[in-house]
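S.K.: Got a predicted structure plus its sequence, pasted below:
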Amino acid sequence: MRPSSTVTIDSHALATLRYIRSSMDAAGTVAVPGSAGIAVGAIGLCAAALSADAFRSYWLAVWLCAAAAGALAGALLVARQGDARRFTLFGAPVRKVFLHLLPCVFAGAVLTVVLLHSGNQHAIPGTWLLMYGCGLLYTSVVTSRIIALLGLLFVLLSV
């Protein structure tokens with residue numbers, strides 16, 4: 001008869017495999033597909049054209065709608081790629097991207113409200129570029145170097 005404090009090799013191996021899988025999941029990166037960048041960029045170009053001509057007086061509403069549409073399109077395209085690579089939208093890598101990007105997006109939203117109420121509407125686009133660029137720089141920790149370069153370009157453009 002075995003003492004109750006012994007551990008079988010099977011349970012130890014399963015625990016080790018669970019640890020390895022969770023470590024690999026936590027250390028993973030998210031590959032942002034080029035189609036997501038193209039789709040978000042196309043939505044931005046459409047918003048720029050609309051807010052420059054037909055809807056000039058509604059430029060803020062146009063850009064806010066474009067931001068929502070771009071976020072949705074990007075998320076759907078990342079999710080579609082995720083299905084092919086067998087990762088979930090709720091896994092550690094995607095959660096890291098969300099948590100890296102969210103503070104800068106939130107700060108941009110707060111600054112938008114402040115600038116809007118203070119009458120500095122002309123400063124809103126530059127603020128958005130700066131905050132989004134900083135968010136991309138921070139997000140590049142768990143994505144790729146090209147995202148860092150894109151973030152740096154947004155920061156430089158905002159300056």
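M.R.: Perfect, thanks for sending it. Not measured: the values here are computed from a predicted model. Numbers count the residues shown, from 1 in each chain.

S.K.: After the least confident helix or strand in the chain by mean pLDDT, which helix or strand is next?
M.R.: Least confident element among the helices and strands of the chain, by mean pLDDT, DSSP states H and E: helix 9-27 (a mean of 68). Tracing the chain C-terminally past helix 9-27 and defining elements by DSSP states H and E, one meets helix 34-52 next.

S.K.: tell me the average confidence for that following helix?
M.R.: The average pLDDT for helix 34-52 rounds to 86.

S.K.: what comes up buried for that helix?
M.R.: 36, 39, 40, 43, 47, 50, 51 (16 or more other CB atoms under 10 Å). C-betas here are computed from N, CA, C, even on glycine.

S.K.: Likewise for stretch 126-139?
M.R.: Applying 16+ other CB under 10 Å to stretch 126-139 flags 127-139 as buried.

S.K.: need the contact list for residue 131.
M.R.: Neighbouring residues of residue 131 by CB atoms under 8 Å, 6 or more residues apart in numbering: 104, 105, 107, 108, 111.

S.K.: how about it, secondary structure?
M.R.: Secondary structure, DSSP: H, G, I helix; E, B strand; the rest coil: residue 131 is helix.

S.K.: From the buried residues of stretch 126-139, pick the one nearest residue 14.
M.R.: Nearest to residue 14, judged by CB to CB, of the buried residues of stretch 126-139 is residue 139 at 34.3 Å.

S.K.: Below-threshold pLDDT in the chain: ranges please.
M.R.: Across the chain, the ranges flagged by pLDDT under 70 are 1-12, 22-32, 81-94.
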